[in-house]
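*Asks:* Build the 3D model from these lines:
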Amino acid sequence: MTSSRSVKARSSSADVAFAQSSLGHALSAVLAEGSASNRSIANFVLRNPMRVTALKIDEMAEGCQVSTATISRFARDIGFANYGAMRSAVAETLHSEMQPVDKLRHTIENRQGSVWPGDQSMEYALANIGATRNAQSQTEMEQVVKKLSCARTVYVLGFGLSSYLAGLLSLHLQPFCPHVVEVAGQGGTEVAAGHLANVGPKDLLVVISFPRYALDVVRLAKFARDHGACVISITDAPASPLVEVSEHVLYANSGHAVLPSSATAAVAVIEALAVSLMVSNKDNVEKAARLTEAISSYLYGPATRKRKTKKGK
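*Replies:* The predicted structure is shown next:
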């Protein structure tokens with residue numbers, strides 16, 4: 001069980017690291033502006049970089065549902081002599097980007113002697129946060145902050161364990177966005193669909209999902225996109241089903257040896273997004289001050305003790 005989870009964790013980290021590499025960016029450009037066949041190939045490579053390193057050209061063509069000639073032409077179009085050269089570049093990129101993360105995971109998994117499972121879990125959390133920090137795009141985060149600042153209504157959606165992440169993000173955003181709606185809350189799909197019924201072009205949906213991905217999250221994200229809303233996802237890897245329906249993606253590594261996914265890096269990304277929004281303009285300083293004033297009477301401290309003492313008298 002641990003071995004298969006470890007493979008999954010490495011694969012997730014590899015996908016994110018590869019997507020953030022120079023080759024990954026070149027493929028993303030093709031995905032945005034290329035022909036239908038080239039988009040199909042770029043999408044396949046971005047979603048399956050580790051698998052591509054082992055595929056022959058005819059297997060690659062079958063996976064992309066194009067001809068081998070199209071694969072060869074694609075490789076030349078993005079600057080390689082042939083498919084073999086492109087495949088080697090994918091392997092080299094993965095090796096370069098993943099070496100530090102794999103080294104740490106290998107150390108965790110092969111430590112001599114008895115290891116307390118809780119300690120191992122914390123080390124996975126540290127590894128996920130480190131990999132997420134290295135792969136995070138400042139430009140992408142800044143673009144997300146701009147979209148949040150301009151949105152009429154910010155909807156935040158997550159199911160299952162991600163619903164708690166959605167709640168955390170909603171609390172962080174509420175003081176600094178005109179209107180924030182936690183779409184699912186304690187309800188399910190029907191409640192979420194009701195909240196999104198009037199979503200439109202001036203709105204923004206932040207959708208959060210990690211393995212195991214919730215099918216309804218993807219469906220509701222597509223609904224919001226089809227009605228003109230900007231969709232931003234917080235998820236684990238380029239292979240996530242949320243990526244293809246999102247305008248912007250913030251990645252958080254979620255690999256774990258035992259759990260289906262770890263939420264530690266996701267919390268770090270949410271906090272980084274909240275802080276980036278808070279410091280993005282001077283008006284938010286006043287908003288933070290008003291929030292502090294509004295809740296100060298409910299906070300424990302010297303003032304609270306003073307009030308209690310007066311009541312006692």
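
*Asks:* Checking the closest residue in space to residue 149 that isn't next to it in sequence next. Helix, strand or coil?
*Replies:* Spatial nearest neighbour of residue 149, chain neighbours left out: residue 280 (6.4 Å); criterion: Cβ to Cβ, 6 or more residues apart in numbering. The way it works is simple: take the backbone N, C-alpha and C, and place the C-beta from them, glycine included. At residue 280 the chain is in coil, as set by DSSP: H, G, I helix; E, B strand; the rest coil.

*Asks:* Count residues in the vicinity of residue 280, would you?
*Replies:* The number of residues packed near residue 280 is 15, by other Cβ atoms under 10 Å.

*Asks:* Repeat that for residue 46.
*Replies:* As a burial measure, residue 46 scores 22 neighbours (other Cβ under 10 Å).

*Asks:* Does it touch residue 31 like I think?
*Replies:* Yes. Between residue 46 and residue 31 there is a contact under Cβ atoms under 8 Å: 6.9 Å.

*Asks:* Next up, the contacts around the residue nearest to residue 149.
*Replies:* Listed by Cβ atoms under 8 Å, 6 or more residues apart in numbering, the contact set of residue 280 reads 145, 146, 149.

*Asks:* In CSV, list the residues you listed along with neighbour count.
*Replies:* Below are those laid out as CSV (neighbours: other Cβ atoms under 10 Å):
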residue, neighbour count
145, 20
146, 12
149, 17
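
*Asks:* Which of those residues sits closest to residue 195?
*Replies:* Checking those against residue 195 with Cβ to Cβ, the nearest one is residue 149 at 21.4 Å.

*Asks:* which other helices and strands contact the host helix or strand of the closest one?
*Replies:* Under the criterion of DSSP states H and E, residue 149 resides in helix 138-150. Under the contact criterion of 3 or more Cβ pairs under 8 Å, 6 or more residues apart in numbering; DSSP states H and E, helix 138-150 touches strand 230-235, strand 248-251, helix 264-278.

*Asks:* following that helix, which helix or strand shows up next?
*Replies:* strand 154-157.

*Asks:* CA atoms only for that following strand - export them in CSV, please.
*Replies:* The C-alpha trace of strand 154-157 is given here as CSV (Å, rounded to 0.1, in the frame of the first residue of the first chain):
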residue,chain,number,x,y,z
VAL,A,154,-16.6,35.5,-5.3
TYR,A,155,-18.0,32.0,-5.0
VAL,A,156,-15.9,29.3,-3.2
LEU,A,157,-16.6,25.6,-3.8
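
*Asks:* partners of that strand, with directions?
*Replies:* Partners of strand 154-157 in the sheet, by DSSP bridges, are strand 180-182 (parallel), strand 204-208 (parallel).

*Asks:* In this structure, where is pLDDT below threshold?
*Replies:* Scanning the chain with the threshold set as pLDDT under 70 gives 1-17, 95-115, 186-187, 284-285, 287-313.

*Asks:* I'd like to know how far residue 281 sits from residue 148.
*Replies:* 11 Å (Cβ to Cβ, to the nearest Å).

*Asks:* quick one: which of these two has more around it?
*Replies:* Shown here are residue 281 and residue 148; by other Cβ under 10 Å, residue 148 has more neighbours (22 against 12).

*Asks:* before we move on, the earlier item: not counting the helix holding residue 149 itself, show me its contacts.
*Replies:* Here helix 138-150 makes contact (Cβ under 8 Å, 6+ apart) with 154, 173, 176-177, 204, 230, 232, 247-250, 272-273, 276-277, 280-281.
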